[in-house]
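Visitor: Structural data only, the sequence is not supplied:
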């Protein structure tokens, strides 16, 4: 921590700040500049200390040195986390494609979507059974019935399943069906839920809170890691900005920033992140070109009758077309892209 | 709903869109303009229909007409919600001051803060027992012990209590102690929690999600109202913007906007909203001048040793000074400000 | 400047950074911490040095200590800038009201607005002759003819004039007519224009760029001050955020922040800042309660036929009603509010 | 235009709105719904009418139908603008690389950068002679001397030149040297400057204002087009968001959005857009994968001694490495990438 005191700080005030820091068992180094006095603090400070010091008379500002997360931090280039789900390895340098409907609506809809994406190169099947909807009057998902349909689709296609969990009381049940549990953007800082999924053995995909910085997002992952679950992947899904032409602003800058800050795999959701199906192909290609470990894509057999988020779902044909561009591009970048996991 | 189709839309496409709308039992009115075709839709559409239509070939955009919330909507100027908590009436035109420490740290700290704010005009005591912290390694509050201390402070001062609830499994217990339950910004879209507090009889103060628009925020209130709890107040607490000089951007524009959109009382939190104690006085005065029904202010007997958020807490003296400005200003604006509820 | 180097920095890299800093004639203090090495730099660094250092191998970050502006900085509480315009003193603790139409449309419109605002307490007349419009096909203002009409209104009402200048080639001419020159949000970082208005003798009101932080905004003021014009006032007019219910988010937090950072007077524009006339009263009262030195309000004799920005203009009656609330509120806060400057 | 009136609107108010619209020579279609009355307006309305109507009693909102720009609008897939600069065709489906130093600092620095980028695949040389700096005390560029050096580098390498213009009074002179004139983010809404560059014959690259929506940005391009210059390309360079890990948030979503809205070529600036050299490679690849027509990259022979923006400049070696990835990726996507234009 670096503490800056202004010209107007008296020597009594400076001494009081230094004493307060040393009372925590930390070392101080005093630097008397032209206009400012700087105290450099050496040692591991308690998290609260920074803002306590910031509040003391004479202090202009107190700045942290170093990241606030430990388990999520990137310590060495060679030690990236790889998450194995069935035969899929997420984060090993290959490209992972997760695809399927936003919401499980019916057996027919799910199976059609699942078989199509499996046949055209997806590695993991997505589908929502419990849906967080901005209106209490909207369809909230099929719930447990949706989980059973996902299990059936998994048997049919061989694709592992990713699905969302909304409530700490549902974690145990959802974990019985899901291969990966998803935490959505609205629950990104729901610490009760994060702690709960930190105590199960299934991998977790943590979406970015739409109003969260990258540092805050990594701290949310730290909650899961600290609770004991090492298999966390991060999913960029768009942030809130003043631009309204896309529903959110998908922040691809997060990909190289996360690669430098953390060892966790990075997934991108261009469907939720843009809210418009006709941006999905461009942003999927861009995400992989920028180095994402995988993408999460909404595919619906009939997007214009989808109960939820049809506007951002690809039709099966559009998904096929996307995979035909993605595969050679990934290879040109030296990225392997796993062959379809099943023969139908 | 208004649907706009572009020049390039074929008459078959236009017919298909109209047929899709009529299949929901809705009426359509066709308008053929110079460059665009517009379909006006009459009747209550299912929430999903808008984005389904938006996805159909030839459609440029589909725009809702009217707000998506019903129970929260403002229907008549005279019918504003007033929430009675003990002898305090929130939303009746008077100014309500909620004050106290960010976090309950000890009996001594809480009682000192409570007695001071009670003596200087606060009507409700705030204090956190369960704290949502961005780091899993930070102090998370005293939990149940904190609730007991709050109860004791209530007995001592006569002030009703507001405190936060984080987990749907804690709602029942927190409701035993609290006079008002607070939902924090990180849980503003935690629908499981909103539904749970919608089923109790205590009033709820819902903070704005830091990344949520005003419309989304009202929809969160609608979740609580729709679950059966009519006593909801809204609390503006700052949004995420590019400005970093304040921790958040306290959005006072929300006050008149909410007054026009909804009948629910409006509280402002200048402590969390700015993150800096030396902005709190100015923003409290501004909030009341703009028409807020009340404010939520952090007061700590010794801000520079506070375990959490000391940087944004007023000292007792600063709170007193603020009340000495607030009271005459409120009166000059024709607002009554209740006298201190207790004699100590 | 504080330079932080990470664990991975070699001692050669640390030495190279220190040598680079000393080559500028600056002193360094080395601090070897548990995980980081910190170099504190003492002395006035060239502005470029920070990012040059940031780019060197081994460096995690380089942080400035102290503000980048000099002339605009606040050095002592008693030394605030007061700008005298005719008999009006802006920044002396009193409340200054600038009001009038967004755009000068005709003699009749301007005179009606000017006489009304003069009679009800405005101190300065606003009106645009050169208008920056987002569409090249929109009405761009009356230009020189508008300046002449403003002069006429000034003679009739006695109110000094504030009007916008858009082009460095127009500064000389506009300065002949205007008592205060306004730089709009779109030109807030138009340094050619800032330098030009820095060379005249008339006061300048600098609006905040809609995408600019407070620090950047003060740096824009520094351009004018550095060019030789000490009479600069700052005008908060709303920033770009994700909220769309108001046209911009008027950032009142800027008022106390600016008071702490700079000695320049602070004006707030609730008309442009919200884009909605029915938010103007609430936000004007809030701005003054928060400590602004003045407000800039759009008043149009007939807002629903205004050529520009009618949606954000007050009618004369609404302006009168606002002044009837503002005056007692200002007095209750101990602020003097100058009596109407003219008898009509 | 669609006008929505609420339940509370009287029939007199509805009639008044309709009459006001018809007074402009426009047709109205009335739609009486369950809760709202809608007036659809047919014909080309004057730009001012929308907000005039929005201000009328009883009106809830007025929404435009169709884009406000005409010349910039995309009318047919086959009619994209291609801008020829020397032997380079920008916007023809190929990938254009513009590279060079942020600022021209010296003959040696410029020539080293120019020769390196020319030898490794750049098509156009960038370099700033007039620099918009946020501090008036920072180096403002070499001015005319910088233009002469750029001319010399062009002769040596054969690369056409792009350079920024800041002041309408400089346009004529800069246009003598530059092959493409650049308008920077701070001047994106400097309409005097836009109009001036609209009257010359050289192509213009218009950067996005850091606080501007895509629609506003296209309107800025419309200013140049409307003044008579058809050769406008758009450059995404990052917007202001709450995220501070990158200097700006480079908004790649803008690429497919612009392709749908306009026929103008699209360039991306990952150097300015992220502010960090170690994000440039990832974001350059992503920009081209998303469909950008070209990129603008800062390359400095010695980034850690650069006078301006060294932190975001690639070293020559890093540029070479980037081109070695970009070229095969572009080809895998079916994009041609022009061979180096010169043999050195």
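Guide: Sure thing, it's come through. Given the structure is predicted, the values throughout are model-derived calculations rather than measurements.

Visitor: My guess is residue A:204 contacts residue A:227. True?
Guide: No. With contact defined as CB atoms under 8 Å, residue A:204 does not count as touching residue A:227 (10.2 Å). C-betas here are computed from N, CA, C, even on glycine.

Visitor: residues shared between the contacts of these two?
Guide: The contact sets of residue A:204 and residue A:227 overlap at A:197, A:198 (CB atoms under 8 Å, 6 or more residues apart in numbering or on different chains).

Visitor: When the two are compared, which one has more neighbours?
Guide: In this view residue A:204 and residue A:227 are compared by other CB atoms under 10 Å in any protein chain shown, and residue A:204 has more residues nearby, 26 against 16.

Visitor: That one and residue A:147: what is the separation?
Guide: Taking CB to CB, to the nearest Å as the measure, residue A:204 falls 17 Å from residue A:147.

Visitor: how much space between whatever residue of chain A ends up closest to chain B and residue A:165?
Guide: Closest approach of chain A to chain B (CB to the nearest CB) occurs at residue A:211, with a separation of 2.2 Å. Distance, residue A:211 to residue A:165, using CB to CB: 21 Å.

Visitor: These two: who's more crowded?
Guide: Set residue A:211 next to residue A:165 and count neighbours by other CB under 10 Å: residue A:165 wins out with 26 against 23.

Visitor: Show the pLDDT at that one.
Guide: Predicted confidence (pLDDT) for residue A:165: 98.

Visitor: Spatially, what comes nearest to residue A:131 if we skip its sequence neighbours?
Guide: Nearest residue to residue A:131, sequence neighbours excluded (CB to CB, 6 or more residues apart in numbering or on different chains): residue A:141, at 3.8 Å.

Visitor: Wait, the one you found touches residue A:102, no?
Guide: No. If you go by CB under 8 Å, residue A:141 and residue A:102 don't touch, sitting 9.8 Å apart.

Visitor: can you list residues touching both of these two?
Guide: A:128, A:131.

Visitor: give me the beta-bridge partners of residue A:40?
Guide: With DSSP bridges applied, residue A:40 shows beta-bridge pairing to residue A:2, residue A:29.

Visitor: Kindly apply the preceding question to residue A:294 instead.
Guide: So, taking DSSP bridges as the rule, residue A:294 has residue A:96, residue A:267 as bridge partners.

Visitor: okay, now it: neighbour count?
Guide: By other CB under 10 Å, neighbour count at residue A:294 equals 25.

Visitor: I'd like to check which residues are in contact with residue A:112.
Guide: Counted by CB under 8 Å, 6+ apart, residue A:112 has contacts A:301, A:316.

Visitor: Give me the local confidence score for it.
Guide: The predicted local confidence for residue A:112 is 97.

Visitor: Flag every buried residue along the helix or strand hosting it.
Guide: Using DSSP states H and E, residue A:112 sits within helix A:107-119. Neighbour-count burial for helix A:107-119 flags A:109, A:110, A:111, A:112, A:113, A:114, A:115, A:116, A:117, A:118 (criterion: 16 or more other CB atoms under 10 Å in any protein chain shown).

Visitor: returning to what we had before: check the gap between the residue nearest to residue A:131 and residue A:149 for me.
Guide: Residue A:141 is 11 Å from residue A:149, by CB to CB.

Visitor: okay, and the common contacts of the two?
Guide: Shared contacts of residue A:141 and residue A:149 (CB under 8 Å, 6+ apart): A:104, A:129.

Visitor: and the residue nearest to residue A:131, what are its phi and psi?
Guide: Main-chain torsions, residue A:141, degrees, to the nearest 10: phi 100, psi 160.

Visitor: if I look at it, how far off is chain D?
Guide: According to CB to the nearest CB, to the nearest Å, residue A:141 and chain D sit 28 Å apart.

Visitor: Give me the neighbour count for that residue.
Guide: 25.

Visitor: which ones are touching it?
Guide: A:103, A:104, A:128, A:129, A:130, A:131.

Visitor: For the residues you listed, which single residue is the most surrounded?
Guide: residue A:104 (29 neighbours).

Visitor: dump the residue contacts of the closest residue in space to it that isn't next to it in sequence.
Guide: On the basis of CB to CB, 6+ apart, the spatially nearest residue to residue A:104 that is not a chain neighbour turns out to be residue A:146, at 3.9 Å. Contacts for residue A:146 (CB under 8 Å, 6+ apart) come out as A:103, A:104, A:127, A:128, A:129, A:130, A:163.
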